[in-house]
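1. Have a look at this prediction, sequence included:
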Amino acid sequence: MAFLSSMNIAASGMTAQQLRLDVVAENITNSTTTRTENGEGPYRRKMVVFEAVSGRETFQEAMARANGKLSNEGYENAGGVRVTQIAEDPSDFKIMYDPTHPDADERGYVEMPNVDTIKEMTDAMAATQAFSANVTAFNTLKAVIAKGLEIGR
């Protein structure tokens, strides 16, 4: 059932891009947060790190698995993408002059999060496009499977 592994590949891409969109939303939401929960300064931008999962096997292994001569045990993922970590952006915080702000230092400057709204919107658009491409691949695969089932009629 190779089509199931193809569906898993597209689904892994959709899941990864959804997480990326969630992180972008968190970054935008906290773009003015000058104090974190633990009081260690302003919010630090987060980034999602992806890793390709190779599901390649030799032709001989694929044929043996298809013929039932090779066990499917331990063969959970045929490929796709996975999130390895959600990393913090190490770039410097923005400095803003606002002596009335409660988190201002003695000179009146406030450290602001290192979140750039334009960069976040660009990331959101890229994640949306990647998600959409995975949905298209998934729907195309469904159509191919449906046509294949019609052949058997």
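-> Yep, that arrived.

2. CA only for contacts and neighbour counts going forward, please
-> OK.

3. so how far does stretch 53-67 reach from one end to the other?
-> Distance between the two ends of stretch 53-67: 24 Å, counting by Cα to Cα, to the nearest Å.

4. Correction: the previous question concerned stretch 100-109.
-> Stretch 100-109 stretches 9 Å from its first residue to its last (Cα to Cα).

5. I would like the residues contacting that stretch, please.
-> With contacts defined as Cα atoms under 8 Å, 6 or more residues apart in numbering, stretch 100-109 is touched by 34-35, 95-99, 110-111.

6. Next secondary structure after the lowest-mean-pLDDT helix or strand in the chain?
-> Within the chain, no helix or strand scores below helix 59-66, which has a mean of 66 by mean pLDDT, DSSP states H and E. Heading C-terminal from helix 59-66, the first helix or strand you meet, by DSSP states H and E, is strand 80-88.

7. tell me what that next one is packed against?
-> When contacts are defined as 3 or more Cα pairs under 8 Å, 6 or more residues apart in numbering; DSSP states H and E, strand 80-88 sits against helix 2-29, strand 46-53.

8. and Val135, that's in a helix?
-> Yes. Under DSSP: H, G, I helix; E, B strand; the rest coil, Val135 falls within a helix.

9. Neighbours of it, how many?
-> Neighbour count of Val135, defined by other Cα atoms under 10 Å: 17.

10. correct me, but it touches Ala10?
-> Yes. Contact criterion Cα atoms under 8 Å: Val135 and Ala10 qualify, at 7.2 Å.

11. pLDDT on stretch 108-122, on average?
-> The average pLDDT within stretch 108-122 is 96.

12. correction: stretch 67-82
-> Averaged across stretch 67-82, pLDDT comes to 64.
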